[in-house]
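Enquirer: Need coordinates for the following:
(one chain, ligands or ions: 1)
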Amino acid sequence: MKRLLAIALLLMMTLAAHADKVKVRIFSNNTIKTLNISFDLGAYNLYADGDNLIEDMVGEGRSVLVRREGNLLHLNVNETDYGTFSSIRLEATDTACILCLNPEGCKQRTYEGDLEVSPLKGGGNLQLINNVEFETYIAGVVQSEIYGKKSDIFRIQAIISRTWALRNMGKHRADGYNFCDHVHCQAYLNRCIRPDIMMGAIQSSGETLVDQYGALIETPFHSNSGGETANSEDVWRSALPYLRSVEDTFSFHMKQSDWTKTISIDRWLSYFSKTHKLNTSDDAVRDTLLHFSQEHRRARLLGIPLTRIRVDWQLKSTFFSVSVDSASRNVVLHGHGYGHGVGLSQEGTIRMVELGIAYDSILRHYYTGAFVHQDPQANRNYVEQYVDQIARIIEEDKNRQTQVRSKKDDWLGRLFRLRDREEREEVYIEDQQDNEKDWEYEW
Ligand SMILES: [Zn+2]
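Expert: Numbers count the residues shown, from 1 in each chain. So this is what the prediction gives:
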């Protein structure tokens, strides 16, 4: 009993930051009527209508086909037709399991964890839910949400994505899952397949962003601030103390730093007269509309929220100035940045990491007065050992780039095996107290 308790405690400590599973609705932006599932790694048990076991140890070489039939799901495994059910579930038999999902009309994606398929309410489509370890989800989100080359970029994105997810666990409670997989929640378009991203996510284990009272904060982010971030109340309703406008020269000279848009003078003016009832025959009004400028971010143009103008004209940002090209009778909008501008600028972050600025300083630059909170239950030894292993894998892979590798022998397969060992091969020293130190890892 003591030993069992020790095992439980140890697992809680080492896996604290990713102990819980989350349910994510995947392909939530797609219309799916037929789904083909194949298996890349590991074995799955296939259940229907709850716990009715259809086949066990389904793995590579097997193909599961699910299609909507009336209010039910039709199930076929290789050549065997199993008839119709109200739900189907594939449950991973261990941590080293990868599913390949090919919904008709969509590009293939791969996921770890379990899969639940059910008929989507209202309509003839399928609902796909990935029941996955929280941290595996976070690594997939990081891969979907940011680009870059340095692991600190991914560490920062993992912290803000984790903080957001922990604050918003109940976002889709009414739908029966935690998150969807697109921008409404956070993009989660595949399992994480890059070792450097996995490394950043693991380095951030147990880290969240909190305010001075220790409460998780809102962590909005955008592609590029254009040189200055926005106050939260200028974009949304509430003024949050940690979402203040800050100067951000790190966002200069990046992919999304600047943009221009050309619109005919007539269309531009008629938009303000028709939609916003401004008197554009008035010289002062006309002059402001044609020569509006923002040295620093502003919230309104003649009382109209810039956020509204951004949506109506599909502009990359609200941070723009207007000039007139008399020859072509156009106005030219010169804009900076991409996105709402509140919170963290991803491209500013990429630049700051390249300059060698510490990850927590970067977070504090964008989230005024916030702190990185370290979960005391997250085992830093475990994190460091894991990171060492990944660094070694990356290094070895660099040296054999020309060699053709099979899928199962890629870095992730090796990492999975390490992860499994981490869970299974603890050494218990019986004559000592039951605490964390009683366990040694074999690597
Ligand atoms: Zn959502």
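Enquirer: Which helix or which strand is home to the residue in the stretch 251-400 of the chain that the ion sits nearest to?
Expert: Using CB to the ion, residue 340 is the residue of the stretch 251-400 of the chain that sits closest to the ion, at 17.0 Å. In this view, the C-beta of every residue, glycine as well, is placed from N, C-alpha and C. Secondary structure from DSSP states H and E places residue 340 outside every helix and strand.
Enquirer: Name the nearest residue to residue 204, ignoring sequence neighbours.
Expert: residue 158 (4.0 Å; CB to CB, 6 or more residues apart in numbering).
Enquirer: Verify the contact between the residue of the stretch 251-400 of the chain closest to the ion and residue 235 for me.
Expert: Yes. If you go by CB atoms under 8 Å, residue 340 and residue 235 touch, sitting 4.9 Å apart.
Enquirer: sorry, back to before: spell out which helix or strand contains the residue nearest to residue 204, please.
Expert: helix 151-167.
Enquirer: what comes up buried for that helix?
Expert: 151-165, 167 (16 or more other CB atoms under 10 Å).
Enquirer: and the strand or helix carrying residue 383 with helix 151-167, angle?
Expert: Using DSSP H and E, residue 383 maps to helix 380-398. Orientation of helix 380-398 against helix 151-167 (axes from the mean of the first three to the mean of the last three CA atoms, to 10 degrees) gives an angle of 130 degrees.
Enquirer: residues of helix 380-398 that come out buried?
Expert: 382, 383, 386, 387, 389, 390, 393, 394.
Enquirer: Tell me which other helices or strands that helix touches.
Expert: helix 195-203, helix 411-424 (3 or more CB pairs under 8 Å, 6 or more residues apart in numbering; DSSP states H and E).
Enquirer: By mean pLDDT, show me the worst of the ones you listed.
Expert: Ranked by mean pLDDT, those end with helix 411-424 in last place, scoring a mean of 55.
Enquirer: And the chain, split by domain according to the record?
Expert: The chain is divided into the following domains under automatic domain parsing: 32-124, 207-251+341-374, 258-336.
Enquirer: Check the offset of the last one from the chain's centre.
Expert: Averaging C-alpha positions (CA atoms, centre = their mean, to the nearest Å) puts domain 258-336 33 Å from its chain's average.
Enquirer: which bits of the chain sit near the ion?
Expert: Within the chain, the residues that sit near the ion (CB under 5 Å from the ion) are 180, 184, 185.
Enquirer: hmm, back to that, could you name every residue contacting both of residue 340 and residue 235?
Expert: 307, 318 (CB atoms under 8 Å, 6 or more residues apart in numbering).
Enquirer: Do you know the pLDDT at the closest residue to residue 276 other than its chain neighbours?
Expert: Distances taken as CB to CB, 6+ apart place residue 304 nearest to residue 276, at 5.3 Å, with adjacent residues excluded. Per-residue confidence (pLDDT) for residue 304: 97.
Enquirer: bridging residues for residue 304?
Expert: residue 301 (DSSP bridges).
Enquirer: any idea how far it is from residue 318?
Expert: 11 Å (CB to CB, to the nearest Å).
Enquirer: now residue 32
Expert: If you go by CB to CB, the gap between residue 32 and residue 318 works out to 36 Å.
Enquirer: go on, residue 238?
Expert: Distance, residue 238 to residue 318, using CB to CB: 18 Å.
Enquirer: neighbour-wise, which of the two wins?
Expert: Here residue 238 and residue 318 are compared on neighbour count by other CB atoms under 10 Å; more neighbours surround residue 318, at 28 against 8.
Enquirer: Need the nearest residue in space to that one, chain neighbours excluded.
Expert: Per CB to CB, 6+ apart, closest to residue 318 is residue 306, 3.7 Å.
Enquirer: Surely the one you found touches residue 313?
Expert: No. Residue 306 is beyond contact range of residue 313, at 10.4 Å (criterion: CB under 8 Å).
Enquirer: neighbour count winner among these two?
Expert: Per other CB under 10 Å, whichever of residue 306 and residue 313 has more neighbours is residue 306, with 23 against 14.
Enquirer: and stretch 155-162, what's its mean pLDDT?
Expert: For stretch 155-162, mean pLDDT is 97.
Enquirer: gap between that stretch and the chain center?
Expert: So, by CA atoms, centre = their mean, the centroid of stretch 155-162 is 9 Å from its chain's centroid.
Enquirer: backbone phi and psi for the closest residue to residue 124 other than its chain neighbours, please?
Expert: Of all residues not flanking residue 124 in the chain, residue 68 sits nearest, at 5.2 Å (CB to CB, 6+ apart). Backbone torsions for residue 68, taken as degrees, to the nearest 10, come to phi -70, psi 130.
Enquirer: what's the neighbour count on residue 68?
Expert: So residue 68, with other CB under 10 Å, has 20 neighbours.
Enquirer: can you list contacts of stretch 23-34?
Expert: Residues contacting stretch 23-34 (CB under 8 Å, 6+ apart): 65-68, 101, 103-106, 109, 111, 116, 124-132, 137, 172, 175-182, 188.
Enquirer: In helices, which of these appear?
Expert: residue 137 (DSSP state H).
Enquirer: among the contacts of stretch 23-34, which are in strands?
Expert: 65-68, 101, 103, 109, 111, 116, 126-132, 179-180 (DSSP state E).
Enquirer: Against the ion, how distant is residue 233?
Expert: 24 Å (CB to the ion, to the nearest Å).
Enquirer: For the helix or strand containing that residue, buried residues please.
Expert: In this assignment (DSSP H and E), residue 233 forms part of helix 232-235. With burial defined by 16+ other CB under 10 Å, the residues of helix 232-235 counted as buried are 232, 234, 235.
Enquirer: sorry, back to before: what's the helix holding residue 158 packed up against?
Expert: helix 134-145, helix 195-203, strand 207-210, helix 346-354, helix 359-366.
Enquirer: of the ones you listed, which approaches residue 263 most closely?
Expert: Nearest of the helices and strands packed on helix 151-167 to residue 263, taken as CB to CB: helix 346-354 at 25.8 Å.
Enquirer: Quick check: buried residues in stretch 346-366?
Expert: Neighbour-count burial for stretch 346-366 [16+ other CB under 10 Å]: 346-353, 359-360, 362-366.
Enquirer: same question but for stretch 262-278, I mixed them up
Expert: For stretch 262-278, the neighbour count (16+ other CB under 10 Å) marks 265, 268, 269, 271, 272, 278 as buried.
Enquirer: Keep only those of these that are in strands.
Expert: Using DSSP E, no member of those falls within strands.
Enquirer: Nearest to residue 248, out of these: which one, please.
Expert: Relative to residue 248, the closest of these is residue 268; by CB to CB it sits at 28.4 Å.
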